[in-house]
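Asker: compute the structure for the input listed below.
(2 chains)
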2 protein chains.
Amino acid sequence: MVNNLTSPHEYPGKLFVVEGIDGSGKTTQLGLLAKWLIAEGHRVFVTEWNSSALVKAATKTGKRKNALTPMTFSLLHATDFADRLLYKIIPPLKAGMIVLADRYAYTAFARDATRGVDRQWVRELYSFAVRPDLALYFRVPIDVSLDRLMARRVKLKFYEAGMDLAGARTRPRASACFRARCWTSMIGWSTNSAWKRSTPPAASWNSSASSAT
Amino acid sequence: MVNNLTSPHEYPGKLFVVEGIDGSGKTTQLGLLAKWLIAEGHRVFVTEWNSSALVKAATKTGKRKNALTPMTFSLLHATDFADRLLYKIIPPLKAGMIVLADRYAYTAFARDATRGVDRQWVRELYSFAVRPDLALYFRVPIDVSLDRLMARRVKLKFYEAGMDLAGARTRPRASACFRARCWTSMIGWSTNSAWKRSTPPAASWNSSASSAT
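Answerer: Predicted coordinates:
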């Protein structure tokens, strides 16, 4: 199968992606970018990770019962992604819009690999994904991201904190470990040709700055 | 990733698979085989296609709203399969039992390819599956299978009848077309080394016989 993720797409629209661990500032910056683009007269559509209604119930049930294996977790996210790609991402791209994606396939590459799923298998799994025109990785120290989340009194969820992986016992500690492993994994994926590390052009893009929450 | 489906497994149990279009007699024969094996003193576990509780709601909702794309349909089935593999198939194999599977990954290969999903992608998707010790394909003429289903007053379901594919307008006609295309696809997959076409050793295995319903 042709790997779409490594070949430029032919839609008239543009796909911009932000990646990074929670608390890295990517959602804040994406929101600012959306506002700016709209103010400049562009038509913009924002899509978030894991937001398709199709598998929401399955993911919720699986998480509640702690019955998700790394493989089923990975496949559920891929189903969610495939659903969003066809109904939410490709149509605006065809219509010449700018699609801003808060997390993309690279999140799956990092998280699934961290959970022990074969890297190459995950890569093949997402080979149907549209290649972003630009993907920015928000690189931030683990402790900074964790401090931000704690300051916002965000409740660290079981799976998001990586509590399903053996090791640390408390959520903050598990979360820090999981983030560190995802972070390392993402850096590994950053060699991808579609992937550019974010080089902050201004203070507002400095993902370590306290404003970027 | 090592393709498990092409390498013999190392569990003490045995995995026997039956494949074929609905009405080919495979479920009847598998039931008879299960009874015989149990009578012979073997410990047997029977598993059916698409029977995991994990994605049941998602599949049901997607089907009801006719919102499933070939890709999401494929991924949901793969999620179901991955869940069953880990919780229902591998444990009895580890325990030295005989697992009888009514449909296996080959059903996905045939159906997904018929719906236009890339063959190689589906094959990679299921590369985590355990290779069966024996896979039997029940080859039966399309009209015979359809006559059997109609005689049993089986209501042909939308997706099972392939109504999501453009073409035939009535369910029996759509079903016949879909079966024919799956049938052809399955024959294509039958070159797989783990795959043996069923050569009926006795009348009860003759999938065209009227008793095989």
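Asker: C-alpha only now, for contacts and for neighbours.
Answerer: Fine.
Asker: any chance you could map the strands in chain A?
Answerer: Here chain A has its strands, by DSSP state E, at A:14-19, A:44-48, A:98-102, A:134-137, A:196-197.
Asker: what lines up beside the first one in the sheet?
Answerer: Sheet neighbours of strand A:14-19, with direction, are listed as strand A:98-102 (parallel), strand A:134-137 (parallel) (DSSP bridges).
Asker: quick one: contacts for A:Glu124?
Answerer: A:Glu124 sits next to A:Asn3, B:Trp121, B:Glu124, B:Leu125 when contact means C-alpha atoms under 8 Å, 6 or more residues apart in numbering or on different chains.
Asker: what about the closest residue in space to A:Arg123 that isn't next to it in sequence, how many residues nearby?
Answerer: Spatial nearest neighbour of A:Arg123, excluding adjacent residues (C-alpha to C-alpha, 6 or more residues apart in numbering or on different chains): A:Phe109 at 6.8 Å. If you count neighbours by other C-alpha atoms under 10 Å in any protein chain shown, A:Phe109 ends up with 25.
Asker: now the strands of chain A as JSON lines including mean neighbour count, mean pLDDT and distance to A:Asp147?
Answerer: Formatted as JSON lines, these follow (neighbours: other C-alpha atoms under 10 Å in any protein chain shown; pLDDT from 0 to 100; distance: least, C-alpha to C-alpha, whole Å):
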{"stretch": "strand A:14-19", "mean neighbour count": "23", "mean pLDDT": "95", "distance to A:Asp147": "19"}
{"stretch": "strand A:44-48", "mean neighbour count": "17", "mean pLDDT": "96", "distance to A:Asp147": "23"}
{"stretch": "strand A:98-102", "mean neighbour count": "23", "mean pLDDT": "96", "distance to A:Asp147": "21"}
{"stretch": "strand A:134-137", "mean neighbour count": "20", "mean pLDDT": "90", "distance to A:Asp147": "19"}
{"stretch": "strand A:196-197", "mean neighbour count": "15", "mean pLDDT": "42", "distance to A:Asp147": "23"}
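Asker: which of these sits closest to B:His42?
Answerer: strand A:44-48 (50.6 Å; C-alpha to C-alpha).
Asker: picking that back up, looking at the strands paired with strand A:14-19, which is closest to B:Asp22?
Answerer: strand A:98-102 (41.8 Å).
Asker: can you list contacts of that closest one?
Answerer: Here strand A:98-102 has contacts from A:13-19, A:26-27, A:30, A:34, A:42-49, A:89, A:92-93, using C-alpha under 8 Å, 6+ apart.
Asker: how far off strand A:44-48 does it point, in degrees?
Answerer: 20 degrees (axes from the mean of the first three to the mean of the last three C-alpha atoms, to 10 degrees).
Asker: now find how far off-centre strand A:98-102 is within its chain.
Answerer: 11 Å (C-alpha atoms, centre = their mean, to the nearest Å).
Asker: can you get me a residue count around the closest residue to A:Asp112 other than its chain neighbours?
Answerer: Among residues not flanking A:Asp112 along the chain, A:Ser74 sits closest, at 6.1 Å (C-alpha to C-alpha, 6+ apart). Using other C-alpha under 10 Å, A:Ser74 has 22 neighbouring residues.
Asker: and A:Glu40, by the same measure?
Answerer: Quick note: A:Glu40 (other C-alpha under 10 Å) scores 9 neighbours.
Asker: how long is stretch A:90-102 from one end to the other?
Answerer: 15 Å (C-alpha to C-alpha, to the nearest Å).
Asker: quick one, what contacts the residue most central in space within chain A?
Answerer: Chain A has A:Arg103 as the residue nearest its centroid, 2.3 Å off, counting by C-alpha atoms, centre = their mean. Contact analysis of A:Arg103 by C-alpha under 8 Å, 6+ apart lists A:Val17, A:Val18, A:Glu19, A:Gly20, A:Glu48, A:Trp49.
Asker: okay if I get these as CSV plus distance to A:Val117?
Answerer: Shown next, in CSV, are the contacts of A:Arg103 (distance: C-alpha to C-alpha, whole Å):
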residue, distance to A:Val117
A:Val17, 23
A:Val18, 23
A:Glu19, 20
A:Gly20, 20
A:Glu48, 23
A:Trp49, 19
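Asker: okay, the residue with the largest distance to the centre of chain A and A:Asp133: tell me how far apart.
Answerer: Distance to the chain centre peaks in chain A at A:Gly41, reaching 26.4 Å (criterion: C-alpha atoms, centre = their mean). Distance, A:Gly41 to A:Asp133, by C-alpha to C-alpha: 19 Å.
Asker: A:Leu85 too?
Answerer: From A:Leu85 to A:Asp133 the distance is 15 Å (C-alpha to C-alpha).
Asker: who's more crowded, those two?
Answerer: The neighbour count for A:Leu85 versus A:Asp133, taken as other C-alpha under 10 Å, is higher for A:Leu85 (17 against 14).
Asker: now for the nearest residue to A:Lys88 once chain neighbours are set aside: which residues touch it?
Answerer: Ranked by C-alpha to C-alpha, 6+ apart and with sequence neighbours excluded, the top spatial neighbour of A:Lys88 is A:Thr47, at 7.4 Å. With contact set as C-alpha under 8 Å, 6+ apart, A:Thr47 has these partners: A:Lys88, A:Ile89, A:Val99, A:Leu100, A:Ala101, A:Asp102.
Asker: just give me the closest of those residues to chain B.
Answerer: Sorting the contacts of A:Thr47 by how near they are to chain B, with C-alpha to the nearest C-alpha, puts A:Lys88 at the top with 12.8 Å.
Asker: residues near that closest one, how many?
Answerer: Neighbour tally, A:Lys88, other C-alpha under 10 Å: 17.
Asker: who's A:Phe16 bridged to?
Answerer: A:Leu100, A:Leu134.
Asker: list the contacts of it.
Answerer: A:Ile98, A:Val99, A:Leu100, A:Ala101, A:Pro132, A:Asp133, A:Leu134, A:Ala135, A:Leu136.
Asker: rerun at 7 Å
Answerer: With contact taken as C-alpha atoms under 7 Å, 6 or more residues apart in numbering or on different chains, A:Phe16 is in contact with A:Val99, A:Leu100, A:Ala101, A:Pro132, A:Asp133, A:Leu134, A:Ala135.
Asker: just A:Leu5 next, same as before
Answerer: A:Ser127, A:Phe128, A:Ala129, A:Val130, A:Arg131.
Asker: A:Thr107 now?
Answerer: Here A:Thr107 is in contact with A:Glu19 (C-alpha under 7 Å, 6+ apart).
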